[in-house]
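S.K.: Take this sequence and fold it.
(2 chains)
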Amino acid sequence: MNGQIKFILNGKDVVYAGSAAARLLDVLRDEYGLTGVKCGCKEGECGACAVLLNGQLVNSCMVAMGFVDGSIVLTIEGYKETARFAALDKAFAETAAVQCGYCIPGMVLAAEAVLAENPHPDEATIRSGLSGNLCRCTGYNAIVKAVQAAAEEGAGLW
Amino acid sequence: MKAISESVVKKDHKEKMNGSALYVGDFPTEGMLHGKLVRSPLAHARILSVTLPDLPAGYFYVDKDDVPGENIVHVVQDDSPAFADGEVHYIGEPVGMLVGPDEAVTAQLAGAVHVQYEELPAVLDMEESRVNFFDYHYSRGDTAAAFAEADRIFEETFTTGYQEQAYLETQGMIGVFDASKVSVHGSLQCPYYVHTAVGKVLGAAAAGVQILQDYTGGGFGGKEAFPSFLAAQTAVAAYKVGGRPVRVVFDRREDMEFTSKRHPSKNTYRVAVKDGRITAMDIDVRFNSGAFTTLSPVVLQRGIIAAPGVYNVPNLTVRGRAVKTNTMPTGAFRGFGAPQTFFSVEVLMDHMARALGRDPLEFRREHLVKQGDLTSTSGIYHYPVPLPDMISEVLEMSGYEEKRKQYTAPQTGRYKKGIGLALWFHGAGFTGSGERDFIKAVTAIEKTADGKVEILASNSDIGQGIKTTFAKIVASELGIPYEEILIRNPDTDRVPDSGPTVASRSLMVVGELLRRAAIKLKEEWKDGEAQRVEEHFAEPDFMIPFSLEDFHGDAYPTYAWAASAVEVKVDSLTGVNEILGCWSSFDVGTPIDYNVVVGQMEGGVLQGLGYSSMEQMAYDEKGRIRNNSFSDYIIPTAADVPVLEVQMHVEEYPFGPYGAKGAGELPLVGIPAAFVSAMEQATGKEFSHIPVKAEETLDV
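M.R.: Just a heads-up that it's a prediction; the model follows:
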């Protein structure tokens, strides 16, 4: 059905009037122009389209709009305004963790989800927390090190 | 560490980190038409008729009859059609394209195009192929005599599978034809390859051809030749619809199934040994090219030149064939033919050492090439071969010797461990005389009157950091802050042809041209004036010219070197293997940016581990690829390899910028052999193929 799906998108109240069966991924990109949300597979396998839904990391290609009603959605476009992003940004820059960049918006939000749950994660926790987000470029070391560095230097933010 | 190696914030960090970088799929779609390819469902068939569904206003069908120029996509040769002409040669071959304003409707209409076929016999297995697209031979010394005198002869056949590049961003292109000029932009590695291909299909219809690279979500070779096809098809569609942009972006399954991947191979080695020394190798290499030639000649050349590995083999006979089958045409993938042969020769070294009762590392050390020795093609290793030191580094990093000894003792219980090691090189830059005869790179630096400096080169940043390293070189020579140097995604209307983004050449070859251009600009610098300097490629004097006729001469000016150890743990109940660690020493000359280079090394190692252990792709009895999604073509995650350590060993190359050599491909090439060596120690079995599957490690 079509409905009046109300949710908070990057801090703003929005109403989506399209199909409740539409994918959150497509709606974010096509309706709201949030192209930082990348499409890597549309099958929930790669994590490129990951966003935070009520603080939980989800693959937005696997979420129908009907489930979004009353929720809080945060994409990279909203997250980049935060102090936590600034800490991750600095750490990712210092380890050159960004190569082709396509996995990065999803990866950064996965890092946020890891640190929000555990502000002082060990390496295995970080690796496990990022394991739903595929990166084909880096071998993951630089990303894992960046998350560790952000956790240390951004102490108190999470 | 040289000052130039100190890491900086990458040029494209900010826009990629905050999600604002536009990839081809991110451009606003208002006013755009969407294209969906209609593909052959059969591996070999004659096209009898094409019946279109009723097309609503604004929807178009595009095929061979709409090509205003030649219906050919130029790669190395001209055998690939842009759209099938009367016959299809593999499952997925584009027959036509449906174009229209609504993406879902377009896809639906594409599915409703009815093509009637007469099925023809298909050759799927490379063993059954009767067509050798390429058949190369070379030899050195007297192989027959060496075999006649041998006291031991080994023979073994090795096979390797497909590998899919699995870049995170699928292939995509946007084309627009306006006032006789065609502009195409998208996800690509080689703007001028695409330029040539688009120019050929449009012919005189396009007075101008402009190709731009968008931010590109990974390539690994998969966006070397393939974008020429998609751009050619998209350009023809844009020409037909006139004035409105046409966008074609593949979904993941389409991309995995119908784009080029690494050549599967079957390689037979015969080796003559006398008094414990290898005296000759007779090597037969076969690569599955698929239905068309694409890049196979050059992939095969690199594969067979690397065939004897890093060893001195006085008598050598090598044959290499790229055979035709009715399967998806294969193409470039990081390593470009060398991973297949290095896997074969390195595993063979282990097997021979075992049979001879020798330690595999000692056996390798006794045969290593050194500076001044002849290469496989009777060129010369002009520069020092640092492998002995690099082996020591890897032994120390990995604890190899102690672990190897420990795991040699009988292992009881459910879990069994092993550690293995491999050595390899990667010829830096194009194979043979390509750089001198075909590419003839030109690069430029422009300065505006107010002193802004911009780098003009056709090499694209696909994640490897070339914007960053180019800018560092120019900044360093001009004495200008790195942050102030401009470098944009290449646009063929603005940048000269400095060649493709391939073969680990961009930094070593084009980076050096830019360094020289920057020196020139500094000398000629005039405040307040706009200036432009250009630099053209010239082959270094020391090289023995390479002849493709007899595979004689220096195939590469220099080599990047690698040593790597892999440690595994096998669960003998479930067959599941774990990679406990991988320790490598790489020599790519001077790292132009330490973080950038280490990032390349680590990423390449993990791709190599995936290739050997989990990345499996096969087709069914009809020739249809079955592993077409991330659910059934598995690539490594952050949790798969907990320890992945890299050390840089620097042997400077005087003709590369600040001593840099080729880097990007090296780290993947020999990893599979190190993995298999470790698996053999853990399981007590011998493997002569990759990937090694869990089923094969049960019952050990």
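S.K.: Give me the neighbour count for the closest residue to chain B within chain A.
M.R.: Scanning chain A for proximity to chain B using CB to the nearest CB identifies A:Gly36 as nearest, at 2.2 Å. For every residue, glycine as well, the C-beta is placed using N, CA and C. A:Gly36 has 27 neighbouring residues, counting by other CB atoms under 10 Å in any protein chain shown.
S.K.: Over to B:Thr412?
M.R.: 6.
S.K.: tell me which element it falls in.
M.R.: In the assignment (DSSP states H and E), B:Thr412 maps to no helix and no strand.
S.K.: Local confidence estimate at it?
M.R.: Looking at B:Thr412, its pLDDT reads 90.
S.K.: So it versus B:Lys405, what's the distance?
M.R.: Going from B:Thr412 to B:Lys405 by CB to CB, to the nearest Å gives 17 Å.
S.K.: Helix or strand: which one has the residue nearest to A:Asp13 when sequence neighbours are not counted?
M.R.: Spatial nearest neighbour of A:Asp13, chain neighbours left out: A:Lys6 (6.9 Å); criterion: CB to CB, 6 or more residues apart in numbering or on different chains. According to DSSP H and E, A:Lys6 maps onto strand A:5-9.
S.K.: if we look at that strand, which residues are touching it?
M.R.: A:13-17, A:20, A:28, A:32, A:65-66, A:68-73, A:75, A:78 (CB atoms under 8 Å, 6 or more residues apart in numbering or on different chains).
S.K.: change it to 10 Å
M.R.: By CB atoms under 10 Å, 6 or more residues apart in numbering or on different chains, the residues outside strand A:5-9 that reach it are A:13-20, A:22, A:24, A:27-28, A:31-32, A:34, A:51, A:53-54, A:65-75, A:77-78.
S.K.: give me the element the closest residue to B:Arg270 other than its chain neighbours is part of.
M.R.: Computed as CB to CB, 6+ apart, the closest residue to B:Arg270 that is not its neighbour in sequence is B:Asp282, at 4.3 Å. Following DSSP H and E, one finds B:Asp282 within strand B:277-290.
S.K.: Now the buried members of the contacts of strand A:5-9.
M.R.: The neighbour count (16 or more other CB atoms under 10 Å in any protein chain shown) marks A:16, A:19, A:22, A:24, A:27-28, A:32, A:34, A:51, A:53, A:65, A:68, A:71, A:73-75, A:77-78 as buried among the contacts of strand A:5-9.
S.K.: ok, and which of the residues you listed reach chain B?
M.R.: Subset of these in contact with chain B: A:Leu34, A:Thr75, A:Glu77, counting by CB under 10 Å from any CB of the partner chain.
S.K.: Let me have those residues in TSV, adding pLDDT and distance to B:Phe226 as columns.
M.R.: As requested, these are exported to TSV (pLDDT from 0 to 100; distance: CB to CB, whole Å):
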residue	pLDDT	distance to B:Phe226
A:Leu34	98	29
A:Thr75	98	30
A:Glu77	98	31
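S.K.: Next up, the contacts around whatever residue of chain B ends up closest to chain A.
M.R.: Nearest residue of chain B to chain A (CB to the nearest CB) works out as B:Gly19 at 2.2 Å. Under the criterion of CB under 10 Å, 6+ apart, the neighbours of B:Gly19 are A:34-38, A:75-77, A:79-80, A:101, A:104-106, A:108-109, B:26.
S.K.: cutoff 6 Å now
M.R.: Shown in contact with B:Gly19 (CB atoms under 6 Å, 6 or more residues apart in numbering or on different chains): A:Gly36, A:Ile76, A:Pro105.
S.K.: Keep only those of the residues you listed that are in helices.
M.R.: Among these, DSSP state H puts A:Ile76, A:Pro105 in helices.
S.K.: Tabulate the contacts of B:Gly19 (CSV), appending pLDDT and distance to B:Val105.
M.R.: As requested, these are exported to CSV (pLDDT from 0 to 100; distance: CB to CB, whole Å):
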residue, pLDDT, distance to B:Val105
A:Gly36, 98, 28
A:Ile76, 98, 31
A:Pro105, 98, 29
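S.K.: What's opposite the residue nearest to A:Asp13 in the beta bridge?
M.R.: Beta-bridge partners of A:Lys6, counted by DSSP bridges, are A:Val15.
S.K.: about what we covered before: and the strand holding B:Asp282, what does it pack onto?
M.R.: helix B:143-149, strand B:265-274, helix B:296-305, strand B:315-324 (3 or more CB pairs under 6 Å, 6 or more residues apart in numbering or on different chains; DSSP states H and E).
S.K.: Measure how buried B:Ile544 is and give me the count.
M.R.: B:Ile544, neighbours per other CB under 10 Å, totals 15.
S.K.: same question, B:Ala112
M.R.: If you count neighbours by other CB under 10 Å, B:Ala112 ends up with 14.
S.K.: who touches it in this structure?
M.R.: When contacts are counted by CB under 6 Å, 6+ apart, B:Ala112 touches B:Pro53.
S.K.: Could you do B:Thr377 as well?
M.R.: Each residue near B:Thr377 by CB under 6 Å, 6+ apart is listed here: B:Ile305, B:Phe551, B:His552, B:Ala555.
S.K.: near chain B, which residues of chain A?
M.R.: Within reach of chain B by CB under 6 Å from any CB of the partner chain, chain A has these residues: A:35-36, A:40-41, A:43, A:45-46, A:48, A:76, A:80, A:89, A:92-93, A:96, A:98-105, A:127-128, A:130-131, A:136-142.
S.K.: quick one, helices of chain A?
M.R.: Under DSSP H, chain A gives helices at A:24-26, A:76-79, A:83-94, A:104-117, A:123-129, A:141-153.
S.K.: Which stretch among those helices is buried most, on average?
M.R.: helix A:104-117 (a mean of 25; mean count of other CB atoms under 10 Å in any protein chain shown).
S.K.: CA atoms of that helix as PDB?
M.R.: Taking Å, rounded to 0.1, in the frame of the first residue of the first chain, the C-alpha atoms of helix A:104-117 are listed here in PDB:
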ATOM      1  CA  ILE A 104      33.300   3.600   2.900                       C
ATOM      2  CA  PRO A 105      30.000   5.200   3.800                       C
ATOM      3  CA  GLY A 106      28.600   1.800   4.900                       C
ATOM      4  CA  MET A 107      31.900   0.900   6.600                       C
ATOM      5  CA  VAL A 108      32.000   4.100   8.600                       C
ATOM      6  CA  LEU A 109      28.500   3.500   9.900                       C
ATOM      7  CA  ALA A 110      29.500   0.000  10.700                       C
ATOM      8  CA  ALA A 111      32.400   1.400  12.700                       C
ATOM      9  CA  GLU A 112      29.900   3.700  14.500                       C
ATOM     10  CA  ALA A 113      27.800   0.700  15.400                       C
ATOM     11  CA  VAL A 114      30.800  -1.200  16.700                       C
ATOM     12  CA  LEU A 115      31.900   1.800  18.900                       C
ATOM     13  CA  ALA A 116      28.400   2.700  20.000                       C
ATOM     14  CA  GLU A 117      28.100  -0.800  21.400                       C
END
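S.K.: can you give me how far that helix is from the chain middle?
M.R.: Using CA atoms, centre = their mean, to the nearest Å, the mean C-alpha position of helix A:104-117 is found 6 Å from that of the whole chain.
S.K.: Spatially, and excluding backbone neighbours, which residue is closest to the residue nearest the centre of chain A.
M.R.: Centroid-nearest residue in chain A: A:Leu109, 3.0 Å away (criterion: CA atoms, centre = their mean). Distances taken as CB to CB, 6+ apart place A:Ala50 nearest to A:Leu109, at 5.2 Å, with adjacent residues excluded.
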